[in-house]
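J.: Quick check, what structure comes out for this input:
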Amino acid sequence: MGSMYKDEQDDWKTVCLKYLLFVFNFLFWMGGGVVMAVGIWTLIDKGEYLSLLASSTFAVSAYILILAGALVMVTGFLGCCAVIREQRSLLSTYFSCLLLIFLIELVAGVLAYVYYQRLSEELKQHLSKTMTENYDQLGKEGITRAVDRLQQDFKCCGSNNSSDWKHSVYVQSPEAQGRVVPDSCCKTITPECGRRDHPSNIYKVEGGCITKLEHFLADHLLIIGAVGIGVACLQICGMVFTCCLHRQIKLDPY
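T.: This next block holds a predicted model:
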């Protein structure tokens with residue numbers, strides 16, 4: 001009688017754990033979609049700005065997120081199969097996948113944190129040089145487009161202020177045709193509007209484009225970190241449930 005009661009109790013625990021893992025896998029699958037979406041959004045929405053950065057750490061973090069998101073979605077499906085079939089070997093594989101994704105997200109989180117710490121210094125050292133030396137130069141078309149979009153999107157002019165352009169290769173070249181700033185500095189872009197740098201014509205923002213880009217990248221890094229932490233917490237719950245179900249499922253005597 002006691003043995004029968006124990007078996008019923010074990011069966012009840014197994015059913016509960018299976019339902020919990022099903023719910024977890026659904027949330028996990030959705031979390032994978034969110035992680036992937038954040039990574040893709042980071043690269044597509046403002047992907048041109050990546051050419052203005054000295055290092056590729058920010059881009060690498062986004063690519064790692066996309067990889068982790070894809071693995072999460074595949075693993076969620078694997079988890080459902082493991083729960084339905086109640087095979088200890090499948091559950092072990094599922095647990096290993098969860099652990100691998102957790103480690104990948106940990107690497108992405110560390111990279112994002114390290115980059116966040118030196119973001120301001122990198123922009124101050126690199127962005128000004130990039131804008132003044134590479135704008136509208138042969139073979140630097142990507143940087144030119146990125147700078148133009150940066151100045152229009154963030155309504156700024158120059159790395160620190162509009163006077164930075166006075167010392168640029170572009171303004172001092174014949175191609176500038178008398179412009180004192182690029183046309184993308186203008187509030188309303190018209191042909192050769194960059195010849196006049198009056199505040200009524202161009203953006204005069206305190207801190208220039210460096211401050212605006214720094215805030216934008218910092219916000220993106222915080223979003224990446226928050227999403228990564230949220231999915232990592234889900235994974236820890238999933239690993240606990242998986243271990244419990246693995247122990248609960250009876251060993252196949254065959």
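
J.: helices or strands next to the strand or helix carrying G79 in the packing?
T.: Under the criterion of DSSP states H and E, G79 resides in helix 57-85. Applying 3 or more CB pairs under 8 Å, 6 or more residues apart in numbering; DSSP states H and E, one finds that helix 57-85 contacts helix 2-45, helix 88-134, helix 208-248. Quick note: C-beta positions are derived from backbone N, CA and C, even for glycine.

J.: Check the offset of that helix from the chain's centre.
T.: 15 Å (CA atoms, centre = their mean, to the nearest Å).

J.: That helix: which residues count as buried?
T.: The neighbour-count check on helix 57-85 (16 or more other CB atoms under 10 Å) flags 57-58, 61-62, 64-73, 75-76, 78-80, 82-83 as buried.

J.: got the angle between that helix and helix 2-45?
T.: If you take axes from the mean of the first three to the mean of the last three CA atoms, to 10 degrees, helix 57-85 sits at 150 degrees to helix 2-45.

J.: re the thing from before, kindly reformat the helices and strands packed on helix 57-85 as a markdown table containing mean pLDDT, distance to S173 and mean neighbour count.
T.: Shown next, in a markdown table, are these (pLDDT from 0 to 100; distance: least, CB to CB, whole Å; neighbours: other CB atoms under 10 Å):
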| stretch | mean pLDDT | distance to S173 | mean neighbour count |
| --- | --- | --- | --- |
| helix 2-45 | 69 | 32 | 15 |
| helix 88-134 | 78 | 12 | 17 |
| helix 208-248 | 77 | 21 | 18 |
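
J.: ok, now which ones touch the residue lying closest to G79 once chain neighbours are set aside?
T.: Leaving aside its chain neighbours, G79 sits nearest to N25 (4.3 Å; criterion: CB to CB, 6 or more residues apart in numbering). Counting by CB atoms under 8 Å, 6 or more residues apart in numbering, N25 touches 76, 79-80, 83, 238.

J.: 7 Å instead, please
T.: Counting by CB atoms under 7 Å, 6 or more residues apart in numbering, N25 touches 76, 79-80.
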